[in-house]
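Enquirer: Next input, structure requested:
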Amino acid sequence: MNTVCTQGSNTLDILFSDDTLVVSNKPSGLLSVPGRGPDKQDCMVARVQARFSDALTVHRLDMETSGILLFARGAAMQRALSVAFQERQTEKRYVALVDGELAQPEGEIDLPLIADWPNRPRQMVDYTLGKASLTRYRVEHIDPLRKISRVALAPVTGRSHQLRVHLMSIGHAILGDALYASEAVRARAPRLMLHACKLEFRHPLSAEWLSFESPAPF
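Expert: Residues are numbered from 1 along each chain as shown. Below is the predicted model:
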């Protein structure tokens with residue numbers, strides 16, 4: 001059951017919490033962790049720590065991506081949950097609105113990625129030096145009038161900007177993507193239309209398989 005608490009002007013949407021972890025919804029436009037400068041200190045982990053002082057980051061979402069974020073309570077739980085992510089013992093699902101109509105109803109995008117250092121924080125496909133990166137996708141709906149596809153995404157690997165670069169690379173950039181979409185595609189949405197809608201993993205103490213869902217706000 002969701003718990004929504006208000007801290008000043010900040011609303012915190014908690015999907016689940018116990019003595020070991022916290023699962024929360026991150027809104028689009030909010031950093032996962034603090035950035036550089038005093039104007040970038042408001043972030044998801046700071047808001048969660050205002051209620052759970054021992055909360056620590058396990059993984060991140062891009063600032064413009066909304067959806068489910070997991071936090072550990074204490075260093076031991078952070079290590080255990082981080083290992084689960086590193087060893088791909090979690091299941092993550094996203095939904096996106098992308099430009100154009102995908103030719104295949106489902107498939108895989110297998111393109112190696114590397115940081116585009118002169119243009120950081122951008123990432124790029126590099127067949128020589130890039131790290132193996134795999135995304136599975138399934139088309140959920142096509143709007144032929146608007147020429148938009150709604151796509152379910154399952155990242156097998158967890159590279160920075162993986163979903164955004166993979167979709168752009170096959171000619172279907174995510175609407176509202178300020179880094180990878182053309183100006184026309186960027187202007188088709190008021191935000192990056194990417195949402196982390198499902199997260200599944202084993203509880204670090206009980207080993208119970210936990211599943212959390214968050215409907216996309218678009």
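
Enquirer: Okay, buried residues for the helix or strand hosting Val83 please.
Expert: Taking DSSP states H and E as the definition, one finds Val83 inside helix 75-86. The neighbour-count check on helix 75-86 (16 or more other CB atoms under 10 Å) flags Met77, Gln78, Ala80, Leu81, Ser82, Ala84 as buried. No exception for glycine: its C-beta is placed from N, CA and C like everyone else's.

Enquirer: likewise stretch 126-143?
Expert: Gly130, Ser133, Leu134, Thr135, Tyr137, Val139, Ile142.

Enquirer: same thing with stretch 153-164?
Expert: Leu153, Ala154, Pro155, Arg159, Ser160, His161, Gln162, Leu163, Arg164.

Enquirer: now stretch 199-218
Expert: Buried, per 16+ other CB under 10 Å, within stretch 199-218: Leu199, Phe201, Pro204, Phe212, Ser214, Ala216, Phe218.

Enquirer: where do the strands sit along the chain?
Expert: 3-7, 10-17, 21-26, 55-57, 66-73, 91-99, 106-110, 113-115, 123-125, 134-143, 148-155, 194-202, 209-213 (DSSP state E).

Enquirer: out of those strands, nearest to Ala181?
Expert: Smallest distance to Ala181 across those (CB to CB): 7.1 Å, for strand 91-99.

Enquirer: residues in contact with Glu101?
Expert: Ile142, Pro144, Lys147, Ser149 (CB atoms under 8 Å, 6 or more residues apart in numbering).

Enquirer: biggest separation within those residues, which pair?
Expert: Pro144 and Ser149 (9.8 Å).

Enquirer: neighbour count winner among these two?
Expert: Ser149 (22 against 8; other CB atoms under 10 Å).

Enquirer: Model confidence for the more buried one, exactly?
Expert: Looking at Ser149, its pLDDT is 98.

Enquirer: Next up, the contacts around it.
Expert: Counting by CB under 8 Å, 6+ apart, Ser149 has contacts Leu97, Val98, Gly100, Glu101, Leu102, Val139, His141, Ile142, Asp143, His172.
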